[in-house]
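S.K.: The sequence and its predicted three-dimensional model are supplied below.
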Amino acid sequence: MVRARRGSSADLWVATAVYDRRFAMSAASTLLTFLHTGNPTGLKFLVEHGDARCLFDFGREHAPGRTLFSLGLEPRHGSELGDLLAVGAAPPLEGVYAGDAWDGRTHLFITHMHLDHTGLIPLLGPAVPLYYPAAMEPVRAAADSSGYLPWRHPTGSGVADGETIAVGPIRVRFVAVDHDVPGATGFLIETPDASLAFTGDHRWHGLSPELTEAFADAARGVDLLIQEGVSLGSVSIDGAPLPLHEADAISELGRALVEAPGLVIVNCYGMNRERVAGLAAGCAAAGRRLLMEPQMAAMSGWPDVLGSTDPIRDDPRGHCLQLGFESLPLLIDLQPPPGSVWIQSGGSPMGPFDPAYAVLEAWSARFDIELQTITSSGHSRPEDVLRMVTTVHPKVVLPVHSRAPEALVVPGVPSFLPKAGVAYRVADILAGVSSAPSG
Ligand SMILES: [Zn+2]
């Protein structure tokens with residue numbers, strides 16, 4: 001049995017949930033509860049109708065230097081769930097976690113493999129029905145077998161794009177979107193009295209923008225659009241280079257691989273298989289052998305794993321390495337010659353907001369290795385967030401997964417900023433956006 005710790009803010013949430021469950025059974029209207037608004041990450045929410053309950057995404061918040069478990073602090077071995085509950089990093093749900101009998105109601109739907117959407121799955125009870133896009137299976141299986149994210153067993157069901165899963169009166173349709181991992185999906189959710197669309201993480205500047213566009217078309221006219229807004233409120237700095245399309249990032253990497261006279265090290269994310277494939281093609285064209293660390297090689301499906309550093313030290317111009325932040329001390333053995341570069345291409349630290357970034361800069365300075373950033377965001381740019389909302393033209397948009405949800409202003413489409421832990425009746429959101437709670 002999972003219980004919230006006394007004196008934590010979770011107590012209030014539990015009281016609300018108990019009340020709403022009774023209400024749901026008597027009134028049988030659609031309820032929407034954000035367990036975490038994902039501002040900026042860790043989004044998860046419930047859609048309920050009567051006894052049916054669908055939970056969307058089940059990740060851990062990623063905010064290095066700000067969340068309690070970050071900068072190397074991890075939940076203690078053997079008390080992971082209790083520790084995460086105690087600090088509010090896991091929602092206090094009964095009948096969902098391992099060690100607790102399934103409540104017979106909750107069904108979990110996952111949009112994609114990123115840890116801020118999946119990080120709690122190792123703690124999920126074995127009987128909870130779990131659905132995820134079938135196209136993410138290769139990265140899911142690799143993350144599980146390599147130990148990157150030990151998945152719940154049984155593993156759940158891969159669902160084909162376009163398929164619908166019925167949970168009592170709630171119907172959840174998988175509709176693919178383009179993101180920077182394979183198999184990302186959005187959801188169209190129908191209940192007896194409401195239609196909702198959840199974009200999931202997505203972008204319009206990747207290699208398959210037609211997927212995102214098709215999602216927008218399929219979602220047209222829904223009651224509520226739950227909109228990812230990671231880029232909202234980002235300030236463009238005068239003179240800064242424009243954010244790259246995925247195709248541009250891949251060709252820029254290719255250029256660096258040809259031009260750099262020394263070793264090229266790329267800190268990319270193995271799950272981004274399109275980026276890795278582009279990098280591998282660039283290496284082939286530049287006459288470099290690409291070697292990757294074991295977990296990232298597994299997740300990207302790349303066969304060449306980094307072993308001894310000797311051949312690389314002997315022939316830096318003939319190699320390209322994928323290395324993560326934790327492997328920076330390998331520079332001591334690699335002795336990269338002048339003209340070597342370290343390229344940040346999607347691996348953490350993702351930017352100066354992460355305290356680890358200054359450490360990366362210190363290593364780069366000490367070993368006289370040029371630090372570059374060549375990447376393409378997995379998230380829609382602000383103008384593309386607007387494009388999604390205007391194309392879908394929902395009755396109400398709920399901007400979430402964002403540092404600045406209030407920055408979304410779309411003429412003719414009212415915004416509703418949900419609070420975490422409040423069970424909203426969808427009918428109430430639709431009836432009175434201006435009078436409903438927001439902020
Ligand atoms: Zn993502």
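M.R.: Sure, I can see it. Numbering: from 1, shown residues only.
S.K.: Could you chop this protein up by domain?
M.R.: Per the record's domain assignment (automatic domain parsing), the chain is made up of the domains 2-234+379-433, 246-373.
S.K.: The ones you listed: which one's closest to the ion?
M.R.: Proximity to the ion (Cβ to the ion) singles out domain 2-234+379-433 among these, at 3.5 Å. To be clear about C-beta, it is placed using only N, CA and C from the backbone, and glycine gets the same treatment.
S.K.: The closest one and the ion, are they touching?
M.R.: Yes: contact between domain 2-234+379-433 and the ion, assessed by Cβ under 5 Å from the ion, occurs at H114, D201.
S.K.: related to what we said a few turns ago, possible to save the domains of the chain as a markdown table with mean neighbour count and mean pLDDT?
M.R.: Output for these, formatted as a markdown table (neighbours: other Cβ atoms under 10 Å; pLDDT from 0 to 100):
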| stretch | mean neighbour count | mean pLDDT |
| --- | --- | --- |
| domain 2-234+379-433 | 19 | 91 |
| domain 246-373 | 18 | 97 |
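S.K.: gap between the residue nearest to I369 when sequence neighbours are not counted and G262?
M.R.: On the basis of Cβ to Cβ, 6 or more residues apart in numbering, the spatially nearest residue to I369 that is not a chain neighbour turns out to be S340, at 4.8 Å. Relative to G262, S340 is positioned 3 Å away (Cβ to Cβ, to the nearest Å).
S.K.: can you check P411 too?
M.R.: Separation of P411 from G262 (Cβ to Cβ) stands at 52 Å.
S.K.: and what of K44?
M.R.: K44 sits 44 Å away from G262, taking Cβ to Cβ as the criterion.
S.K.: which one is S377 nearest to, not counting chain neighbours?
M.R.: Of all residues beyond its chain neighbours, the one nearest S377 is P243 (6.0 Å), with distances taken as Cβ to Cβ, 6+ apart.
S.K.: I figured that neighbour was touching R381, is that so?
M.R.: Yes: with contacts counted by Cβ atoms under 8 Å, P243 reaches R381, the gap being 6.4 Å.
S.K.: what do the two both touch?
M.R.: In terms of Cβ atoms under 8 Å, 6 or more residues apart in numbering, P243 and R381 are both contacted by the residues H205.
S.K.: Give me the residue at the spatial middle of this structure.
M.R.: H114 (4.1 Å; Cα atoms, centre = their mean).
S.K.: Can you name the residues that contact the closest residue to that residue other than its chain neighbours?
M.R.: Nearest non-adjacent residue to H114, counting by Cβ to Cβ, 6+ apart: V181, 6.2 Å away. By Cβ under 8 Å, 6+ apart, V181 lies in contact with H112, M113, H114, M136, V139, M271, N272, R273, G378.
S.K.: Outside of stretch 330-347 itself, list whatever touches it.
M.R.: Applying Cβ under 8 Å, 6+ apart, the external contacts of stretch 330-347 come out as 180, 249, 253, 256, 260-269, 272, 275, 279, 309, 312-313, 316, 321, 323-325, 350, 360, 363-364, 367-375.
S.K.: how about D201, what does it touch?
M.R.: Neighbour list for D201: T111, H112, H114, H117, V177, H179, A184, E228, V230, G378, H379, H401 [criterion: Cβ under 8 Å, 6+ apart].
S.K.: Please name the residues that touch the residue nearest to A101 when sequence neighbours are not counted.
M.R.: Distances taken as Cβ to Cβ, 6+ apart place G95 nearest to A101, at 6.4 Å, with adjacent residues excluded. When the contact criterion is Cβ under 8 Å, 6+ apart, the partners of G95 are A101, W102, D103, G104, R105, T106, G125.
S.K.: Among the residues you listed, which one sits closest to T30?
M.R.: Comparing the contacts of G95 against T30 with Cβ to Cβ picks out R105 as the nearest, at 14.5 Å.
S.K.: Now for whatever residue of the stretch 251-400 of the chain ends up closest to the ion, how many residues are close by?
M.R.: For the stretch 251-400 of the chain, the nearest residue to the ion under the criterion Cβ to the ion is G378, separated by 5.4 Å. Here the count is done by other Cβ atoms under 10 Å, and G378 has 23 residues near it.
S.K.: Now for it: which residues touch it?
M.R.: Taking Cβ under 8 Å, 6+ apart as the criterion, G378 is in contact with H179, D180, V181, D201, R203, G206, N272.
S.K.: Which of the helices or strands spans the residue nearest to A101?
M.R.: Assigned by DSSP states H and E, G95 belongs to no helix or strand.
S.K.: hang on, the earlier thing: secondary structure and distance to P91 for the contacts of D201 - can I get that in a markdown table?
M.R.: Compiled in a markdown table, the contacts of D201 are given as follows (DSSP: H, G, I helix; E, B strand; the rest coil; distance: Cβ to Cβ, whole Å):
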| residue | secondary structure | distance to P91 |
| --- | --- | --- |
| T111 | coil | 17 |
| H112 | coil | 19 |
| H114 | coil | 18 |
| H117 | helix | 14 |
| V177 | coil | 25 |
| H179 | coil | 24 |
| A184 | coil | 23 |
| E228 | strand | 19 |
| V230 | coil | 21 |
| G378 | coil | 24 |
| H379 | coil | 24 |
| H401 | coil | 16 |
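S.K.: returning to that earlier point: okay if I get the contacts of G95 as a markdown table plus secondary structure and distance to L73?
M.R.: Shown next, in a markdown table, are the contacts of G95 (three-state DSSP; distance: Cβ to Cβ, whole Å):
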| residue | secondary structure | distance to L73 |
| --- | --- | --- |
| A101 | coil | 31 |
| W102 | coil | 31 |
| D103 | coil | 31 |
| G104 | coil | 35 |
| R105 | coil | 34 |
| T106 | strand | 29 |
| G125 | coil | 26 |
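S.K.: Any chance of JSON lines for the residues you listed, columns distance to S145?
M.R.: As requested, the contacts of G95 are arranged in JSON lines below (distance: Cβ to Cβ, whole Å):
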{"residue": "A101", "distance to S145": "29"}
{"residue": "W102", "distance to S145": "26"}
{"residue": "D103", "distance to S145": "30"}
{"residue": "G104", "distance to S145": "31"}
{"residue": "R105", "distance to S145": "31"}
{"residue": "T106", "distance to S145": "27"}
{"residue": "G125", "distance to S145": "22"}
